[in-house]
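Enquirer: Turn this into a structure:
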Amino acid sequence: MASKNDLLLGQQIQKLRRQKDLTQQELAEKADLSTKYIQFIENGNRVPSLKALYRIASALDSKVSGLFTF
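Expert: This is a model prediction of the structure:
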C-alpha cells in the first residue's frame, strides 16, 4: 500500500512533467527509465531509488529537492 508521501511524490512528478508538456513516455525516454516505471511512480505504487530520482529531476530540468516540494 502506498504511503501518503509516495502519493505526493508521484503527484509532484506528474505536475512537473505536465508543466514541461511531456508525456510519460517522453519523460521515461529522457530519464532512461521505462514508461511503466514512471506510471508506477506517479501512481504512488513504487518508491524510486535515488538514482531514478536524479534521472527524473534531470529530465525535468529540476533539482531532486524540487521533486519533494509538496
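Enquirer: Give me the distance between residue 15 and residue 60.
Expert: For residue 15, the distance to residue 60 (Cβ to Cβ, to the nearest Å) stands at 10 Å. Just so you know, the C-beta spots here come from the backbone N, C-alpha and C atoms, and that holds for glycine as well.
Enquirer: so after the longest helix along the chain, what's the next helix or strand?
Expert: Ranked by number of residues, the top helix in the chain under DSSP state H is helix 4-19. Next in sequence after helix 4-19, counting helices and strands by DSSP states H and E, comes helix 24-31.
Enquirer: neighbouring contacts of the helix or strand just after that next one?
Expert: The helix or strand immediately downstream of helix 24-31 is helix 35-42, counting by DSSP H and E. When contacts are defined by Cβ atoms under 8 Å, 6 or more residues apart in numbering, helix 35-42 is touched by residues 9-11, 13-14, 17, 24-25, 27-28, 31, 46-48, 52, 56.
Enquirer: ok, the residues you listed vs residue 68, which is closest?
Expert: Comparing the contacts of helix 35-42 against residue 68 with Cβ to Cβ places residue 9 closest, at 6.8 Å.
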